[in-house]
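> fold the following and give me the result.
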Amino acid sequence: MTTLNLPNTISLLRVFLAPLIMVILTLRIQWGDFFGLPYGDLLAGVIFIIAALTDTLDGYIARKKGLVTNFGKLVDPLADKILVTAVLIALVELQRLPAWIVVVIVSREFFVTGLRMVAISEGRVVAASKWGKAKTIIQIIAILVVIFNLPGGFLAMILAMIITVASGVDYFWKLKDIF
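Sure, this is the predicted structure:
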């Protein structure tokens, strides 16, 4: 089965959208406002939503069409990590988030990626867990709250950080036998 199939191409699209969102957020071009929201934030948020939806789309297509590959099992969560990390870094640069929250979230991402690499070296490919999927959804919602400057953005990111750490512990627990 070819590695660069439609679901994997969609996952890679998420990787390429991450820097685009960063640029749109951080250039701070004053295009005007849309109901009090700067157009740059609106555009970045819409592209982020599209990128986030591709995560559901690529998985659906892969399962429905029998196109699940080991490459896809690895690139899909990696694309999520790149997207989320890029946007979180942009939000720190804009001073909408404290860096320590981002460091905790990104540290978990590196930790889980490291666990997956060790698992691969042992011949095991680890697909995303339910905790990992919940973490991704909560992160996406929290990031959108911050991008759109909605009330409760800080608390949403605290919740996302807590779920992120919990999902990291879940991966560690499931893979503890490889140490």
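> mind pulling the model confidence for Met1?
Here, the pLDDT recorded for Met1 equals 55.
> could I get the full set of strands for this structure?
Taking DSSP state E as the criterion, the chain contains strands spanning 33-34, 37-38.
> in stretch 120-130, what counts as buried?
126, 128 (16 or more other C-beta atoms under 10 Å). Placement of C-beta: from N, CA and C, glycine included.
> measure it end to end?
With C-alpha to C-alpha, to the nearest Å as the measure, stretch 120-130 spans 20 Å from end to end.
> swap in stretch 64-78?
21 Å.
> hmm, Thr26 is touching Val92, no?
No: assessed by C-beta atoms under 8 Å, Thr26 is found out of contact with Val92, at 10.3 Å.
> quick one, what contacts the nearest residue to Asp55 once chain neighbours are set aside?
Leaving aside its chain neighbours, Asp55 sits nearest to Asp80 (6.0 Å; criterion: C-beta to C-beta, 6 or more residues apart in numbering). Neighbour list for Asp80: 14, 55, 136 [criterion: C-beta atoms under 8 Å, 6 or more residues apart in numbering].
> list the buried ones in the lengthiest helix in the chain?
Taking DSSP state H as the criterion, the chain has its longest helix at helix 39-64. By 16+ other C-beta under 10 Å, the buried positions in helix 39-64 come out as 40-45, 47-48, 51-52, 54-55, 58-59, 61-62.
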